[in-house]
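S.K.: can't give you the sequence, but here's the structure:
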């Protein structure tokens, strides 16, 4: 097998083996426009070509034809295509041979080929929320005379892999993951082997390999599925005798990486980052999501201050924030003084009433002179 050849531009790839005349009966190249105009959109096209060896021998052509497999990937989440190409058998006698491939060259110095089989995906990478439904696209087309024999979807994650869904020529699909489906009618009529996964969980994350097998060829596409869960935040204030403790609880997020920062703002003052916050140990729920909390002792100053907890996570377009106002200590002292003053007034009122009663008791004992 020859070493794979890579190119970063489609123009370079175009100089490699390709058909030199229209073949309407051959598989059509999907997303051709996306490939041709990738440079205009600032995207790169990576192309890798290597020799392909048949699963079964085709006796009539094995002596004169050669096969190649081409993998084309558009950057930025663009389509990915794998094509099996066969050299055309109409080279002129005495034609020069390619020095490495040992196949006939055309007068223009190219190797004329035709696409025999192609497998593509429009969703090479997906980011979906926990509980949503995933549609992992996988499509294929093949030259006349070939028969579809099987379709397999496998998942790989954390160094291990397992079968998710399989379909054979018996027309029966077997799902190893609950709820996984593949439309057999679309598979046979439109070459659409898209896998649907409902109610995504953390365990569904990983690389999904769509492998299509025909009577002669086999190739595959890989779809990366990333599951995300957005965090929830709750900010609480615990008032103690001489301190205020703020607790920012961040719960139910996935994947693991999350950033929690604190901002302090006095009335009419600037925003000041707070660096002395502490963090609890990380907790993971049965569903696989994570939770953590951050706490700090607030310093409201003489005028009070607003504290804001900022959370950034890959599942969020904008940071999640929660804030609260912490009253100044002076307000509490004033309240205490008011209570003391009111208590003093109450005692004075009681004293005054007591004096009034004493004076009232003395009046009946006074003598009165009658004329």
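M.R.: Perfect, I can see it now. The model shown is predicted, which means the values in this text are computed figures rather than measured ones.
S.K.: Low-confidence stretches in the stretch 51-200 of the chain?
M.R.: 55-64, 89-94, 171 (pLDDT under 70).
S.K.: Which parts of it are helices?
M.R.: Assigned by DSSP state H, counting those that start in this stretch, the stretch 51-200 of the chain shows helices spanning 184-190.
S.K.: what about the closest residue to residue 123 other than its chain neighbours, distance to residue 47?
M.R.: Excluding its sequence neighbours, the residue lying closest to residue 123 (CB to CB, 6 or more residues apart in numbering) is residue 137, at 4.5 Å. Where you see a C-beta, it was placed from the backbone N, CA and C, and this is true even at glycine. For residue 137, the distance to residue 47 equals 21 Å [CB to CB, to the nearest Å].
S.K.: Give me the more crowded residue out of the two.
M.R.: residue 47 (21 against 18; other CB atoms under 10 Å).
S.K.: Now the more buried one: which helix or strand?
M.R.: Using DSSP states H and E, the element containing residue 47 is strand 45-51.
S.K.: Please enumerate the strands of the stretch 51-200 of the chain.
M.R.: 67-74, 80-87, 113-121, 125-129, 134-136, 139-142, 148-157, 160-168, 173-175, 195-197 (DSSP state E, counting those that start in this stretch).
S.K.: next one: the stretch 251-371 of the chain
M.R.: Counting by DSSP E, counting those that start in this stretch, the strands of the stretch 251-371 of the chain are 259-266, 271-274, 278-279, 283-284, 290-298, 305-312, 320-326.
S.K.: Out of those, which is the most enclosed?
M.R.: strand 305-312 (a mean of 20; mean count of other CB atoms under 10 Å).
S.K.: what's the domain layout of the protein?
M.R.: Domain ranges of the chain: 1-118, 123-228, 232-329, per automatic domain parsing.
S.K.: Of those, which stretch is the most buried?
M.R.: Using mean count of other CB under 10 Å, domain 123-228 ranks as the most buried of these, with a mean of 17.
S.K.: Which pLDDT value goes with the spatially closest residue to residue 295 that is not a sequence neighbour?
M.R.: In this structure, residue 295 finds its nearest non-sequential neighbour in residue 247, 4.6 Å apart by CB to CB, 6+ apart. Looking at residue 247, its pLDDT is 97.
S.K.: got the contact list for residue 247?
M.R.: By CB atoms under 8 Å, 6 or more residues apart in numbering, the contact set of residue 247 is 235-238, 293-295.
S.K.: Quick check: it vs residue 325, distance?
M.R.: To residue 325, residue 247 is 16 Å away according to CB to CB.
S.K.: got it, and residue 74?
M.R.: Residue 74 is 51 Å from residue 325, by CB to CB.
S.K.: do residue 207 as well
M.R.: 48 Å.
S.K.: again with residue 249
M.R.: Computed as CB to CB, the residue 249 to residue 325 distance reads 19 Å.
S.K.: if we can go back for a sec, wait, the residue nearest to residue 123 touches residue 208, no?
M.R.: No. Using CB atoms under 8 Å, residue 137 is not in contact with residue 208, being 10.5 Å away.
S.K.: Between these two, which contacts overlap?
M.R.: residue 223.
S.K.: Just name the closest of the contacts of residue 247 to residue 112, please.
M.R.: residue 294 (65.2 Å; CB to CB).
S.K.: So what sits opposite the closest one in the bridge?
M.R.: On the basis of DSSP bridges, residue 294 is bridged to residue 248, residue 279.
S.K.: Thanks a lot, catch you later.
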